[in-house]
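> just need the structure, nothing else, for what follows:
(one chain, ligands or ions: 1)
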Amino acid sequence: MPQAPAVQPAAHPAAGGERASEVRLRATGLTKFFGATRALDGVDVGVKAGEALAIMGPSGSGKSTLLLALAGIERPDAGSVIYRPDGGPEVDVAALPDRERSRLRRGDFGFVFQQGLLIPELTAEENVALPLMVTGASRQAATATARDWLGRLGLAGMEGRRMGELSGGQAQRVAIARAQAGGSTVTFADEPTGALDSATSREVMDLLLESTVGRGAALVLVTHDPQVAARCDRTLSLRDGRVEHQFFRNPSTGQQPVVPAPSGHPSLGRPGRILRGGTL
Ligand SMILES: Nc1ncnc2c1ncn2[C@@H]1O[C@H](COP(=O)(O)OP(=O)(O)OP(=O)(O)O)[C@@H](O)[C@H]1O
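Predicted coordinates:
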């Protein structure tokens with residue numbers, strides 16, 4: 001696979017500025033049942049503008065359900081998901097009518113999933129342009145934006161290829177371009193590197209972080225890979241639908257601690273700290 005060039009995002013005020021501490025999404029008491037299975041059990045979590053949040057945990061611990069609930073795809077049985085758009089009034093995503101939730105998902109939120117969102121019959125360019133046209137952009141404008149993003153993600157010259165003609169890493173870059181082209185403020189990624197070898201996974205994570213957090217957007221990603229989670233600012237670890245730990249990246253070492261928290265009081269205020277449960 002060719003070396004991916006760095007994304008050159010537009011300058012943004014969130015990188016270290018005041019907006020960087022702005023909470024974009026805050027979920028409180030999220031609870032979700034599937035029949036008798038309690039997939040989420042009172043989860044509290046927030047994510048800020050310009051922050052990358054990883055969600056980890058064993059299989060069946062509720063990671064995907066949490067991601068889908070935060071994104072307004074899965075409606076929780078209890079709890080709220082407050083979304084604060086850039087400059088607009090806050091909304092409770094969980095309580096919005098279906099039509100409004102769809103509008104939010106098409107406009108403010110971007111999605112990078114391991115499979116399913118890219119249409120195999122369409123070219124890379126068409127896959128990126130299509131959602132823009134659905135939200136009202138002209139074909140010409142949508143195509144120009146799609147080409148721009150594909151170029152930023154190192155896919156210049158491959159715009160006309162159908163998805164089957166791209167490698168797994170290249171296809172994920174198309175998915176990232178698709179999620180970012182509409183200017184989403186929160187990107188949700190479910191196992192974005194799940195099917196990739198470790199070198200390609202690193203490249204895709206570089207691009208995903210640069211194209212989201214790098215322009216002041218929030219990133220929420222589900223992963224089983226500790227290396228991927230360690231690239232994020234914070235990791236939420238779930239077990240049986242509950243938040244078991246939070247790991248904060250140490251800004252000076254860039255590392256997250258890998259040892260579980262000792263029982264007792266969380267050590268607040270220190271970089272690289274671990275909290276038991278808790279919120280943002
Ligand atoms: N649509 C559904 N119908 C019934 N049960 C579901 C549904 N979605 C999730 N569940 C159940 O809810 C629980 C949490 O599932 P979820 O997919 O969120 O876990 P996960 O941590 O993402 O798992 P994995 O790592 O295996 O993808 C599991 O017991 C799962 O079987």
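> which parts of the stretch 1-150 of the chain sit against the ligand?
By Cβ under 6 Å from any ligand atom, the residues of the stretch 1-150 of the chain that approach the ligand are 34, 37, 39, 57, 59, 60, 61, 62, 63, 64, 65. Yep, even glycine has a C-beta here, placed from its N, CA and C like the rest.
> strands - which of the residues you listed land there?
Among these, the ones falling in strands (DSSP state E) are 34, 37, 39.
> now list the buried members of those residues.
By neighbour count, with 16 or more other Cβ atoms under 10 Å, these hold residue 39 as buried.
> output the ones in strands among the residues of the stretch 1-150 of the chain next to the ligand as TSV; include the columns distance to residue 79 and pLDDT.
Supplementary listing: those in TSV, determined by distance: Cβ to Cβ, whole Å; pLDDT from 0 to 100:
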residue	distance to residue 79	pLDDT
34	15	96
37	17	95
39	12	97
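> pick the one among the ones in strands among the residues of the stretch 1-150 of the chain next to the ligand closest to residue 72.
Of all these, the one sitting nearest residue 72 is residue 39; the distance, using Cβ to Cβ, is 16.2 Å.
> surely that closest one meets residue 30?
No. With contacts defined as Cβ atoms under 8 Å, residue 39 does not count as touching residue 30, sitting 9.7 Å away.
> tell me where this structure has helices.
When assigned using DSSP state H, the helices of the chain occupy the ranges 63-70, 98-107, 124-134, 139-152, 168-181, 198-211, 226-229.
> burial count for residue 220?
Using other Cβ atoms under 10 Å, residue 220 is surrounded by 26 other residues.
> that one against residue 192, yeah?
No. With contact defined as Cβ under 8 Å, residue 220 and residue 192 do not form a contacting pair (11.0 Å).
> and for residue 107, nearest residue in space, chain neighbours not counted?
Leaving aside its chain neighbours, residue 107 sits nearest to residue 135 (6.1 Å; criterion: Cβ to Cβ, 6 or more residues apart in numbering).
> is it true that the one you found touches residue 108?
No. In this structure, residue 135 sits apart from residue 108 without contact. The criterion is Cβ under 8 Å, and the distance is 10.6 Å.
> of these two, who's got more company?
A direct count of neighbours by other Cβ under 10 Å for residue 135 and residue 108 places residue 108 higher, at 21 against 11.
> report the distance from stretch 57-76 to the chain centre.
Its chain's C-alpha centre lies 12 Å from the corresponding centre of stretch 57-76 when counted by Cα atoms, centre = their mean, to the nearest Å.
> save the residues of the stretch 1-150 of the chain next to the ligand as CSV, and put in distance to residue 243 too.
Below are those laid out as CSV (distance: Cβ to Cβ, whole Å):
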residue, distance to residue 243
34, 19
37, 18
39, 14
57, 9
59, 17
60, 16
61, 10
62, 10
63, 11
64, 15
65, 13
